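Engineer: okay, structure incoming, though there's no sequence with it:
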């Protein structure tokens with residue numbers, strides 16, 4: 001088995017089933033290390049890189065904001081390979097103070113952000129331009145436990161969507177973006193973006209980047225149905241659940257130096273007493289079937305019918321090589337059945 005490629009939504013753009021995530025470049029990784037990861041990924045058939053104007057993370061800061069895109073830009077400038085990669089980035093939105101003082105997404109902020117990203121990445125165009133999160137809020141990042149949409153104003157939301165889609169159409173006509181994607185979105189939100197784009201003949205969302213892993217399966221029902229029927233591909237982020245599915249945290253008893261947990265102890269709200277037994281269940285499946293737990297977790301995401309690409313991140317080329325090896329294994333029906341049983345026993349570990 002080798003790298004497979006999927007259509008990006010309803011387009012003829014082919015993206016590798018593994019997407020190289022970049023959010024550690026500029027904090028946990030140097031420029032040279034970021035470049036080495038890109039080279040290694042391309043050597044293994046990856047043609048898809050995901051970033052965002054607010055990166056790097058771990059930690060987030062105003063001082064480093066945008067450095068990840070600049071590291072991609074220096075790679076683009078040093079290599080004559082821009083046409084070999086599909087580059088996706090995102091515009092930050094309401095509440096994130098390190099970018100435009102937390103201004104919500106609008107025509108004005110998108111116009112500024114696109115120009116900044118083009119300049120940083122030293123490219124004339126962005127293949128996939130994504131909205132990092134909705135202006136109206138999101139239930140992602142553990143907000144599902146107290147999600148309340150009753151403060152939303154439908155008319156304002158729809159007017160905002162129309163404004164954004166018209167802006168994206170202008171940018172598409174100018175050749176600055178090719179396609180448009182969502183991130184941290186809901187079924188209703190995705191449906192409205194699609195409806196307005198079809199009614200007004202404006203850019204259509206081709207992807208949705210939401211968290212998805214053995215530990216986080218909120219996508220499995222309504223969003224899976226919508227995305228299947230509307231040809232919107234999932235770009236899964238955190239498929240290793242911030243590294244916990246690798247087993248490196250040893251049930252919460254270990255915190256390797258330089259790991260995500262050493263920088264943010266609760267791993268973005270994921271760490272709780274119910275999480276570790278769920279992790280152990282998946283590690284046990286991997287051990288009994290002699291499969292690397294990292295490769296088990298990634299290979300499982302690749303079996304999902306709505307998956308366009310699984311976004312992987314690494315802080316070393318050794319880690320990256322292990323992840324890329326997931327494309328070389330096939331999970332048997334017995335393994336998949338055990339994964340289903342573990343999911344039923346641990347349905348929402350965080």
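Structural biologist: Yep, that arrived. Computed from a prediction, not measured in an experiment: that's the story for all the values here.
Engineer: for the rest of this, base every contact and every neighbour count on C-alpha atoms.
Structural biologist: Will do.
Engineer: how many residues are close by the residue nearest to residue 214 when sequence neighbours are not counted?
Structural biologist: Among residues not flanking residue 214 along the chain, residue 297 sits closest, at 6.7 Å (CA to CA, 6 or more residues apart in numbering). Residues near residue 297, counting by other CA atoms under 10 Å, number 25.
Engineer: packing partners of the helix or strand encompassing residue 297?
Structural biologist: Secondary structure assignment for residue 297, by DSSP states H and E: helix 293-302. Based on contacts counted as 3 or more CA pairs under 8 Å, 6 or more residues apart in numbering; DSSP states H and E, the elements that helix 293-302 packs against are helix 275-288, strand 307-312, helix 317-324.
Engineer: what's that helix in contact with?
Structural biologist: 17, 212-214, 239-240, 245-247, 282-283, 286-287, 307, 309-310, 322-323, 325-327, 329-331, 336 (CA atoms under 8 Å, 6 or more residues apart in numbering).
Engineer: from the residues you listed, list just the buried residues.
Structural biologist: Burial by neighbour count, judged by 16 or more other CA atoms under 10 Å, picks out 17, 212-214, 239-240, 245-247, 282-283, 286, 307, 309-310, 323, 325-327 from the contacts of helix 293-302.
Engineer: mind picking out the helix or strand in this protein with the poorest mean pLDDT?
Structural biologist: Least confident helix or strand of the chain, by mean pLDDT, DSSP states H and E, is helix 260-263 with a mean of 75.
Engineer: what's the pLDDT at the nearest residue to residue 252 once chain neighbours are set aside?
Structural biologist: Spatial nearest neighbour of residue 252, excluding adjacent residues (CA to CA, 6+ apart): residue 276 at 7.0 Å. Residue 276 carries a pLDDT score of 94 in this model.
Engineer: what are the buried residues along stretch 262-272?
Structural biologist: 267, 270, 271.
Engineer: between its first and last residues, how far does it reach?
Structural biologist: When the termini of stretch 262-272 are compared using CA to CA, to the nearest Å, they are 16 Å apart.
Engineer: who's in contact with it?
Structural biologist: The contact list for stretch 262-272 (CA under 8 Å, 6+ apart) reads 58, 59, 141, 142, 242, 255, 256, 260, 261, 350.
Engineer: weed out the non-buried ones from the residues you listed.
Structural biologist: Buried by 16+ other CA under 10 Å: 58, 242, 260, 261, 350, out of those.
Engineer: quick check: chain neighbours aside, which residue is closest to the last one?
Structural biologist: What that stands for is residue 350. Leaving aside its sequence neighbours, residue 350 sits nearest to residue 270 (CA to CA, 6+ apart; 5.3 Å).
Engineer: next one: the one you found from residue 334, what distance?
Structural biologist: To residue 334, residue 270 is 28 Å away according to CA to CA.
Engineer: cool, and residue 182?
Structural biologist: In terms of CA to CA, residue 182 sits 35 Å off from residue 334.
Engineer: the two: which has the busier surroundings?
Structural biologist: residue 182 (26 against 10).
Engineer: what distance do you get for that one to residue 99?
Structural biologist: Residue 182 is 19 Å from residue 99, by CA to CA.
Engineer: before we move on, what about residue 286?
Structural biologist: Distance of residue 286 to residue 99, computed by CA to CA: 41 Å.
Engineer: also residue 203?
Structural biologist: To residue 99, residue 203 is 25 Å away according to CA to CA.
Engineer: for residue 332, same thing?
Structural biologist: For residue 332, the distance to residue 99 equals 45 Å [CA to CA].
Engineer: of those two, who's got more company?
Structural biologist: Regarding residue 332 and residue 99, a neighbour count based on other CA under 10 Å identifies residue 99 as having more, with 20 against 9.
Engineer: that one contacts residue 55, doesn't it?
Structural biologist: No. With contact defined as CA atoms under 8 Å, residue 99 does not count as touching residue 55 (10.4 Å).
Engineer: how far off centre is stretch 319-327?
Structural biologist: In this view, stretch 319-327 has its centroid 17 Å away from the chain centroid, taken as CA atoms, centre = their mean, to the nearest Å.
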